[in-house]
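A.B. asks: Show me the folded form of this:
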Amino acid sequence: MNSGSCDAQAVYLDYNATAPMRPEVLQATYEALQAVGNASSIHNHGRDAASRVDRARQQVADLLNCSRGELIFTSGATEANNLALQAAYATRGLMITSAVEHPAVLETARALAADTPDSLVILPVDGEGQIHHDALRAAIERRGVGLVSIMLANNETGVITNLDPIVEAAHAAGALVHTDATQYVGRLPLDLGDLGVDLLSLSAHKFGGPQGVGALYIRRGTPLPQRPLVFGGGHERGWRAGTLNVPGIVGLGAAADAARREVDADAPRITKLRDLLEGEILARLPGSYVNGARSTRLPGVASVTFPGSPADALLASMPDVAASDGSACSAGAPTPSHVLLALGLSRQDADSTIRFSLGYATTEQEIRRAVDATVRAVTHVQAVMGVPGRP
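C.D. replies: Numbering: from 1, shown residues only. I've put the predicted structure just below:
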């Protein structure tokens, strides 16, 4: 791929960490960077900046099928998750989440419940990464449930959660529902009118926008008090103080507009490439397996385990393929992926797993090159490690 790549010869398969900026996003962001004006100022320059922000807000609203007045711009999904959880927890009591959430949700939830551990329920998942709905309903029935936070699509396995029964059970108990949709937005069509959640978090850079900007959706009428993380101004209707990042927000809007126009065609194409990648790897490397393969997954995510082959050694042996050994946000962590452990993998297998994530610019030629590189790397590493059945 050549869009935003630092090495034209490398195959970039780490879209879940960050997607290359789309050409139209680069152009829109560049134009916004050249403009002068604070969106809070009332002169012509300020009104121009405010107009750019308003247009971007509408573009994101069009992608999600919501009102632009329901969107709060943030520095990304991590901040949006923190805003949502802290506001809900402050007044609504018991919180329920899952064992496979992103650390931006899990660590926030644990920090909020540090003094009252009984106020947090972390639900387990099965071997395919799905929540047991009976366990969820039982947890929701506990008195004082205030918030259920379950991700829409997992960042490591791509497994998609069916939120319909979760929303139904939570709302019946008077609880709010938040979803971290960071990996879903822009990859598959999403209609907030149908989804029914009260709060949703997203980041621009997962679907071709700039890094450092995202949004929190708060459904109109949601009984949620403002709990800003940063004080000092009335920006974003009091939810987030600070001068608006106009170029970043413009880039987010441009990415949302491009994703809205292209997602219907992109999703099946990327699914086909993902299936090609997995099929070739499994056929040529017996013993390898795909995590969450029997669940509905995002089009471009393949979490593949190569037993006996440490992921760091594999990645070092295929420098022309950019992939990940787990969630990019946990890079360098000395412990195996909490998501893979929650699925029931052993620590050794969790440490022998690579996440390939495809996106809008991925080509079939790149997939075939990545497969060849992976097969060579696994064969080499397993030979060095003395894995039985390998030369």
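A.B. asks: use CA for all of it now, contacts and neighbours both
C.D. replies: OK.
A.B. asks: moving C-terminal of the longest helix belonging to the chain, what's the next helix or strand?
C.D. replies: Among the segments of the chain that qualify as a helix by DSSP state H, the longest is helix 246-284. The helix or strand immediately downstream of helix 246-284 is strand 289-290, counting by DSSP states H and E.
A.B. asks: contacting residues around the helix or strand following that following strand?
C.D. replies: Counting by DSSP H and E, the next helix or strand C-terminal to strand 289-290 is strand 301-305. Here strand 301-305 makes contact (Cα atoms under 8 Å, 6 or more residues apart in numbering) with 16, 156-158, 274, 278, 288-292, 349-350, 352-358.
A.B. asks: Return the residues in contact with the residue nearest to Met21 when sequence neighbours are not counted.
C.D. replies: Spatially, and ignoring its direct neighbours in sequence, Met21 is nearest to Gly208 (4.3 Å; Cα to Cα, 6 or more residues apart in numbering). Gly208 is in contact with 18-22, 25, 255, counting by Cα under 8 Å, 6+ apart.
A.B. asks: In a strand, Gly208, correct?
C.D. replies: No - Gly208 sits outside any strand when classified using DSSP: H, G, I helix; E, B strand; the rest coil, being coil.
A.B. asks: what's the distance between it and Gln183?
C.D. replies: Gly208 is 12 Å from Gln183, where distance means Cα to Cα, to the nearest Å.
A.B. asks: sorry, back to before: what comes up buried for the longest helix of the chain?
C.D. replies: Residues of helix 246-284 classed as buried by neighbour count (16 or more other Cα atoms under 10 Å): 246-260, 262-263, 266-267, 269-271, 273-274, 277-278, 281-282.
A.B. asks: cool, stretch 84-94 as well?
C.D. replies: Quick answer for stretch 84-94 (16+ other Cα under 10 Å): 84-89, 92-94.
A.B. asks: Next: stretch 371-386.
C.D. replies: 371, 373-375, 377-382.
A.B. asks: So what does the residue nearest to Met21 look like in phi/psi?
C.D. replies: Dihedral pair for Gly208: phi 100, psi 10, per degrees, to the nearest 10.
A.B. asks: which stretches of the stretch 101-250 of the chain have low pLDDT?
C.D. replies: 143 (pLDDT under 70).
A.B. asks: Can you list the residue ranges for strands in it?
C.D. replies: 120-123, 145-149, 176-180, 199-203, 214-218 (DSSP state E, counting those that start in this stretch).
A.B. asks: Kindly compare burial across the ones you listed and name the winner.
C.D. replies: Highest mean neighbour count among those (mean count of other Cα atoms under 10 Å): strand 199-203, with a mean of 28.
A.B. asks: if we look at that strand, which residues are touching it?
C.D. replies: Contact with strand 199-203 is made by 76-77, 80-81, 84, 176-183, 185, 211-219, as judged by Cα under 8 Å, 6+ apart.
A.B. asks: tell me, how many neighbours does Asp191 end up with?
C.D. replies: 13 (other Cα atoms under 10 Å).
A.B. asks: how does this protein divide up, domain by domain?
C.D. replies: 11-21+263-385, 23-257 (automatic domain parsing).
A.B. asks: hang on, the earlier thing: please tell me how far the residue nearest to Met21 sits from Ala255.
C.D. replies: Noted for Gly208: a distance of 6 Å to Ala255, by Cα to Cα.
A.B. asks: any common contacting residues for these two?
C.D. replies: By Cα under 8 Å, 6+ apart, Gly208 and Ala255 have these common neighbours: 22, 25.
A.B. asks: Please, which helix or strand holds the closest residue to Ala104 other than its chain neighbours?
C.D. replies: Spatial nearest neighbour of Ala104, chain neighbours left out: Thr78 (5.3 Å); criterion: Cα to Cα, 6+ apart. Per DSSP H and E: Thr78 is located in helix 77-92.
A.B. asks: how big is the angle separating the helix or strand just after that helix from strand 145-149?
C.D. replies: The helix or strand immediately downstream of helix 77-92 is strand 94-98, counting by DSSP H and E. Here strand 94-98 runs at an angle of 20 degrees relative to strand 145-149 (axes from the mean of the first three to the mean of the last three Cα atoms, to 10 degrees).
A.B. asks: Check which helices and strands strand 94-98 is in contact with.
C.D. replies: strand 120-123, strand 145-149 (3 or more Cα pairs under 8 Å, 6 or more residues apart in numbering; DSSP states H and E).
A.B. asks: Using CSV, lay out those together with distance to Val387.
C.D. replies: Formatted as CSV, the helices and strands packed on strand 94-98 follow (distance: least, Cα to Cα, whole Å):
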stretch, distance to Val387
strand 120-123, 36
strand 145-149, 41
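A.B. asks: Ala104 is nearest to which of these?
C.D. replies: strand 145-149 (11.4 Å; Cα to Cα).
A.B. asks: partners of the closest one, with directions?
C.D. replies: strand 94-98 (parallel), strand 176-180 (parallel) (DSSP bridges).
A.B. asks: Measure how far it is from the centre of its chain, please.
C.D. replies: Distance of strand 145-149 from the chain centroid (Cα atoms, centre = their mean, to the nearest Å) equals 20 Å.
A.B. asks: quick one: contacts of that strand?
C.D. replies: Outside strand 145-149, the residues that reach it (Cα under 8 Å, 6+ apart) are 85, 88-89, 91-98, 105, 170, 173-180.
A.B. asks: how far away is Asp194 from Leu147?
C.D. replies: 19 Å.
A.B. asks: Helices - which of the contacts of Gly208 land there?
C.D. replies: When DSSP H defines the helices, the subset of the contacts of Gly208 inside them is 25, 255.
A.B. asks: out of the contacts of Gly208, what pair is the most spread apart?
C.D. replies: Checked with Cα to Cα, the contacts of Gly208 reach their widest spread between Thr18 and Val25, with 14.1 Å between them.
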